[in-house]
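Enquirer: Would you be able to build a 3D model of this:
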Amino acid sequence: MANRQDSSFLRILPLYIVIFIGFVGYSLTITILTPILLEGGGTLLSSLPFRVDPTIILGIVLAIYPIGQFVGAPVMGALSDRFGRKPVLLVSLTITTICFGGLGYAIQSNNLPLFMMVSLVMGLAEANIATAQSAVADVTTAENRTRMFAYINLSASGAFVIGPLLGGVLADPKLVPWFNNSTPYWGVFGLLILAVFFMLIAFKETRPKEKRTEVSYREAFTNMLTIFEPGRLRIIYLVNFLIYFAIFGFFRAFPMYLVDHFGMGVTELAKYIAWNAVPVVIGSLWLTGYLARMHSVRTITIYSTALLGLFCLLIIIPQSPYMLYLSLFLPGLALAVALPASATMISLSAGADKQGRALGNNLSMEVGAEVLSGLGAGFLAAYLIQLPMFAICAIAILAAGILFFSNGGKIKSSDFETTGL
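Expert: Predicted structure coming up:
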């Protein structure tokens with residue numbers, strides 16, 4: 001069993017590396033744009049044809065990329081069931097690489113509308129997470145799937161440690177005179193070019209032709225509608241949507257709170273965003289796998305989600321910036337467990353031939369929640385900067401309650417036969 005798990009990990013290791021690079025780029029947007037827009041915005045805000053509160057603009061900008069993912073993820077997931085994981089990933093990575101060049105140019109030219117348009121295109125083509133999860137499901141068993149899913153979050157979380165710190169350095173003209181806010185994006189553009197060639201050479205297809213499903217283009221583009229079909233998956237999709245709303249609401253809200261309450265700039269904010277990723281790394285690397293050996297995925301999801309809601313309130317307790325090291329650590333640890341556990345519930349409840357479609361739909365729920373949480377956090381923060389954290393707490397506890405009082409996420413032994421596990 002150990003040899004099989006090691007073999008599975010090595011097969012999908014290139015995916016984790018590519019996800020890390022992609023999330024290094026994604027972390028830059030929150031790190032760089034939050035202080036720029038909330039501290040007046042300068043010529044970047046003036047490129048918009050309208051004027052509105054900067055916190056609302058920030059919420060809209062951060063929501064654009066997930067809107068594209070919301071539409072594109074179910075399609076890309078279904079196409080990966082038909083054509084295989086590697087071709088879909090290569091197309092997605094190539095488009096993402098071009099788009100990061102566009103983001104760098106948009107920041108360099110102070111063109112926020114262009115930044116938003118490129119973010120939308122990049123979101124539409126994004127397939128890394130859903131396809132990576134599908135590839136993990138292709139080569140893992142029910143026993144180690146939660147741990148392998150957690151490694152995806154580990155890659156993303158590690159990027160949120162490195163990305164903000166790297167972005168803060170590459171955006172600082174005091175270090176190198178030609179560094180500016182666009183430099184980090186150009187750096188990721190170069191890394192992604194290398195990632196495309198690395199994926200082409202190193203990643204081996206996990207879904208052979210004989211196991212691929214004949215998915216019509218009509219089915220691919222209407223895949224998301226299956227979310228609403230009656231059955232246990234519908235409950236899990238609802239619960240996961242609420243969990244993701246709480247998680248991404250937290251990621252959107254706490255940087256706004258730190259900038260507003262403590263007056264942090266890019267460099268200082270980057271430090272705390274990177275610190276928040278440390279417990280996520282710890283949770284993904286060790287805690288999730290440890291809990292998965294002792295408890296059911298459903299139980300882990302319920303308790304980690306409830307704790308996430310409660311821990312979020314610690315952020316807004318009056319404190320010095322030094323206390324943030326504790327109050328940011330605890331919710332990071334809780335969400336590190338809740339995120340892979342919720343995805344595992346979907347994977348174990350779906351058939352082996354529907355992993356791409358089911359996990360693509362789940363990613364759509366994830367990014368849909370990301371869109372709404374970004375917009376919601378922006379509007380609520382414009383009224384009262386602490387309000388988003390209270391909303392996140394309520395939503396997380398609601399998700400845990402629905403899962404506790406329903407049959408969602410309960411995996412029967414017969415399910416392992418129907419899912420090919």
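Enquirer: mind checking the SS state of His295?
Expert: coil (DSSP: H, G, I helix; E, B strand; the rest coil).
Enquirer: Need the phi and psi values for Ser157.
Expert: phi -70, psi -40 (degrees, to the nearest 10).
Enquirer: Excluding chain neighbours, what is closest to it?
Expert: Excluding its sequence neighbours, the residue lying closest to Ser157 (Cβ to Cβ, 6 or more residues apart in numbering) is Val280, at 3.6 Å. Every C-beta, even on glycine, is put in place using the N, C-alpha and C of the backbone.
Enquirer: same check, this time on Ile316
Expert: Gln386 is the one closest to Ile316 (Cβ to Cβ, 6+ apart), at 4.5 Å.
Enquirer: Give me the pLDDT for that neighbour.
Expert: What the model reports for Gln386 is a pLDDT of 92.
Enquirer: number of nearby residues for it?
Expert: Neighbour count of Gln386, defined by other Cβ atoms under 10 Å: 16.
Enquirer: do the same with Thr299
Expert: Using other Cβ under 10 Å, Thr299 has 15 neighbouring residues.
Enquirer: got the buried residues for the host helix or strand of it?
Expert: Using DSSP states H and E, Thr299 sits in helix 297-312. Neighbour counts over helix 297-312 (16 or more other Cβ atoms under 10 Å) mark 297-298, 300-309, 311-312 as buried.
Enquirer: likewise stretch 98-109?
Expert: Buried residues in stretch 98-109, defined by neighbour count with 16+ other Cβ under 10 Å: Ile98, Cys99, Phe100, Gly101, Gly102, Leu103, Gly104, Tyr105, Ala106, Ile107.
Enquirer: What average pLDDT does the helix or strand hosting Phe23 get?
Expert: Taking DSSP H and E as the definition, one finds Phe23 inside helix 2-38. Here helix 2-38 scores 76 as its mean pLDDT.
Enquirer: Could you give the separation of the helix or strand that that helix is followed by from the chain centroid?
Expert: Downstream of helix 2-38, the next assigned helix or strand under DSSP H and E is helix 42-46. How far helix 42-46 lies from its chain's middle: 28 Å, per Cα atoms, centre = their mean, to the nearest Å.
Enquirer: contacts for helix 42-46?
Expert: When contacts are defined by Cβ atoms under 8 Å, 6 or more residues apart in numbering, helix 42-46 is touched by residues Ile36, Leu37, Pro54, Ile57, Ile107, Asn110, Leu112.
Enquirer: still on that earlier bit, next up, phi/psi of the residue nearest to Ile316, please.
Expert: Dihedral angles (degrees, to the nearest 10) for Gln386: phi -80, psi -20.
Enquirer: Could you check how far it is from Ala377?
Expert: Distance, Gln386 to Ala377, using Cβ to Cβ, to the nearest Å: 11 Å.
Enquirer: What about the contacts of helix 42-46, which one has the most neighbours?
Expert: Ile107 (26 neighbours).
Enquirer: burial measure for the closest residue to Val278 other than its chain neighbours, as a count.
Expert: Using Cβ to Cβ, 6+ apart and skipping the chain neighbours, the partner closest in space to Val278 is Val161 (6.3 Å). Val161 has 19 neighbours, counted by other Cβ under 10 Å.
Enquirer: residues touching Val161, list them.
Expert: Counting by Cβ under 8 Å, 6+ apart, Val161 makes contact with Ala274, Ala277, Val278, Val281.
Enquirer: Of those, which is the nearest to Phe149?
Expert: Val281 (14.8 Å; Cβ to Cβ).
Enquirer: quick one, what contacts that closest one?
Expert: Applying Cβ under 8 Å, 6+ apart, we find Val281 in contact with Leu154, Ser157, Gly158, Val161, Ala336.
Enquirer: 10 Å instead, please
Expert: Val281 makes contact with Asn153, Leu154, Ser155, Ala156, Ser157, Gly158, Phe160, Val161, Gly332, Leu333, Ala336, according to Cβ atoms under 10 Å, 6 or more residues apart in numbering.
Enquirer: Can you name the helix or strand that it falls in?
Expert: Here Val281, judged by DSSP H and E, is contained in helix 266-282.
Enquirer: for Gly249, same thing?
Expert: helix 232-262.
Enquirer: now swap in Thr206 and tell me
Expert: For Thr206, there is no host helix or strand (DSSP H and E).
Enquirer: The nearest residue to it once chain neighbours are set aside: neighbouring residues, count only.
Expert: Using Cβ to Cβ, 6+ apart and skipping residues adjacent in sequence, the residue nearest Thr206 is Asp138, 4.0 Å away. Using other Cβ under 10 Å, the number of residues around Asp138 comes to 22.
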